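Q: quick one: sequence and predicted model below, then my questions.
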Amino acid sequence: MEGPQSSTQGPLVLLLLLLGPAWHTAARRCPQSCVCDNSRRHVACRRQNLTEVPSTIPELTQRLDLQGNMLKVIPPAAFQDLPHLTHLDLRHCGVELVAEGAFRGLGRLLLLNLASNRLSSLPQEALDGLGSLRRLELEGNLLEELRPGTFGALGALATLNLAHNALVYLPAMAFQGLLRMRWLRLSHNALTRGFPDGTELLDLRQNHFPSVPRAAFPGLHHLLSLHLQHCGVAELQAGALAGLDRLLYLYLSDNQLSGLSAAALEGAPRLGYLYLERNRFQQVPGAALSALPNLFSLHLQDNVVDRLAPGDLAAARALRWLHLSGNRITQVAPGALGPARELEKLYLDGNQLREVPTRALEGLPALLELQLSGNPLRALQDGAFEPLGRSLQHLFLNSSGLEQISPRAFSGLGPGLQSLYLQKNQLRVLPALPNLSQLELIDLSGNPLHCDCQLLPLHRWLTGLNLRVGATCATPPSVRGQRVKAAAAVFEACPGWTARKAKRTPASRSSARRTGIKRRH
Ligand SMILES: *[C@@H]1O[C@H](CO)[C@@H](O)[C@H](O)[C@H]1NC(C)=O
Ligand SMILES: *[C@@H]1O[C@H](CO)[C@@H](O)[C@H](O)[C@H]1NC(C)=O
Ligand SMILES: *[C@@H]1O[C@H](CO)[C@@H](O)[C@H](O)[C@H]1NC(C)=O
């Protein structure tokens, strides 16, 4: 845009008249080390080695970006000539001191970013005057303590990020006055207690709590989500969650837990999502789960659980998703899962099961998805999935060392099944599975299929399916690499080809036409 004086265009003159003299001066005064976007009221003076705030920033500026300078000290009333500021970015400025009243006059400021500086403390009145502030970023400083009342002037603050500091404890009144606060980030500190009421999300990742004591989070009646990942937690004492009446999400992944005592989870009756992956559990903490009548999703993947026993899920009546991938399970006892009658997704992949735990699947009338891939199954017994016939939609049996599948292995499963994963097994032959008439996905890739007349039923079935299936012939050498569907030369020579073919001609022709149409799209 041209300088205002040089323009004689009607509309622009009118605009300038409307904006008045303030804009006129403002537009002329962009400091040398800054870039001013006057139409958007943005000024950026990034990485200019500035040691103080430039004095001639346009007065109407709303967003000021000063990141990467060398301010060191923010003196009192440093921004008093910029009363319209809504966003102020002071990241990476080497700030060691924010003087009392540094931000005085910034009554419209919404976001103040002081992350990645060198602040070790904040004077009590450092943040005065920021009555509209919604978000304060203090991540990555050296704060060791907070004085009572530090945030007292921030009545509108909703998000406070104090992650990556050196806080050890929070005094009783540290968060006094924060009436609207919803998100408090305290990860990567060394904290144990003293969190403000009203908080809905408390992020304490990467702190260090080998043992979480009884009633560790007093007064947090509004807390919905508690993050305690990577905290070295080895024990949750009885009643550790006492008073967390509304807690819905509890993250305890990546800790050192090997068990939970019966009363460990008491006090959080609404808990729906419990994350315990990558700990040291040897069994499902069934007794502790009895305090959670609303548990919806249980994450226990990548532990060292070796079996599921009756009683493990006795109280988990509301459970929908059970994640047990990557354990060492060799056995799922009959009745171990049955109490969880609402279960929809069961992930048992990457375990040591040598057969499908058919009897344990009884009593799961709602199961939609079963993950069994990556177990050393080798074979499927007849009727292995019979109990799930009415509900199952997705079945994962890939990478299970399967060498053989009998025609009756999937008996009971019918049109409800939508996807069947059989890739990366050792199948040389596979029967046709005409009862699975509504499959939308079947993956047979990575199997060493032997394309001779034994495979004719499969060839016929796949040709009618009209799906991309990934089935290729590995042997004999003459057809190696050909798709089973396309290897007609092999199958045309088989006994029964012509008779069946003649009978089925109208149907196969119409299915060929469908295929053609689909391909063209
Ligand atoms: C800032 O200071 C550094 C080190 O003295 C120098 O290399 C860099 O060019 C300076 N940057 C500007 C924009 O002056
Ligand atoms: C099985 O297949 C699914 C879908 O392709 C994939 O996401 C999963 O990682 C596979 N599991 C194993 C153990 O290979
Ligand atoms: C296919 O379904 C029919 C009808 O329900 C049933 O009689 C037959 O045994 C099933 N076939 C297999 C191989 O499961």
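A: Alright, I've got the coordinates. Ligands and ions are numbered 1, 2, ... in the order given.

Q: what about the helix or strand L420 falls within, near ligand 3?
A: Taking DSSP states H and E as the definition, L420 sits inside strand 419-421. No: Strand 419-421 is not in contact with ligand 3 by Cβ under 6 Å from any ligand atom; minimum separation 13.8 Å. Using the backbone N, CA and C atoms, a C-beta is placed for each residue, glycine as well.

Q: and the closest residue to ligand 2 within the stretch 251-400 of the chain, what helix or strand is that in?
A: Distance from ligand 2 to each residue of the stretch 251-400 of the chain (Cβ to the nearest ligand atom) is smallest for G374, at 3.0 Å. Assigned by DSSP H and E, G374 belongs to no helix or strand.

Q: stretch 330-345 close to ligand 2?
A: No: figure legend: stretch 330-345 not in contact with ligand 2 (Cβ under 6 Å from any ligand atom); closest approach 13.7 Å.

Q: now the strands: where do they sit in the stretch 251-400 of the chain?
A: With strands called from DSSP state E, counting those that start in this stretch, the stretch 251-400 of the chain shows them at 273-275, 297-299, 307-308, 321-323, 331-332, 345-347, 369-371, 379-380, 394-396.

Q: how about a markdown table for those strands, with mean neighbour count added?
A: Formatted as a markdown table, these follow (neighbours: other Cβ atoms under 10 Å):
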| stretch | mean neighbour count |
| --- | --- |
| strand 273-275 | 20 |
| strand 297-299 | 21 |
| strand 307-308 | 22 |
| strand 321-323 | 21 |
| strand 331-332 | 20 |
| strand 345-347 | 21 |
| strand 369-371 | 21 |
| strand 379-380 | 18 |
| strand 394-396 | 20 |
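
Q: weakest of those in terms of mean pLDDT?
A: Among the strands of the stretch 251-400 of the chain, strand 379-380 has the lowest mean pLDDT, at a mean of 94.

Q: list the helices and strands it packs on?
A: Applying 3 or more Cβ pairs under 8 Å, 6 or more residues apart in numbering; DSSP states H and E, we find strand 379-380 packed against strand 404-405.

Q: the residue of the stretch 251-400 of the chain closest to ligand 2 and A263, how far apart?
A: As judged by Cβ to Cβ, to the nearest Å, G374 and A263 stand 36 Å apart.

Q: and if you look at R390?
A: Using Cβ to Cβ, one gets 38 Å for the distance from R390 to A263.

Q: residue boundaries of the helices in the stretch 151-300 of the chain?
A: 286-289 (DSSP state H, counting those that start in this stretch).

Q: any regions of it where pLDDT drops low?
A: Where the stretch 151-300 of the chain drops to pLDDT under 70, the residues are 171-173, 190-194.

Q: point me to the residue of the protein nearest ligand 3.
A: S411 (3.3 Å).

Q: and the strands in the stretch 51-200 of the chain?
A: 63-65, 73-74, 87-89, 97-98, 111-113, 135-137, 159-161, 183-185.

Q: R390 and A263: which has the busier surroundings?
A: A count of neighbours by other Cβ atoms under 10 Å puts A263 above the other of R390 and A263, at 19 against 12.

Q: pretty sure the more buried one contacts A238?
A: Yes: judged on Cβ atoms under 8 Å, A263 makes contact with A238 at a distance of 3.7 Å.

Q: neighbours of L361, how many?
A: 22.

Q: got a list of what the spatially closest residue to it that is not a sequence neighbour touches?
A: Excluding the flanking residues, the one nearest L361 by Cβ to Cβ, 6 or more residues apart in numbering is P387, at 4.5 Å. The contact partners of P387, by Cβ atoms under 8 Å, 6 or more residues apart in numbering, come to 358, 361-364, 412.
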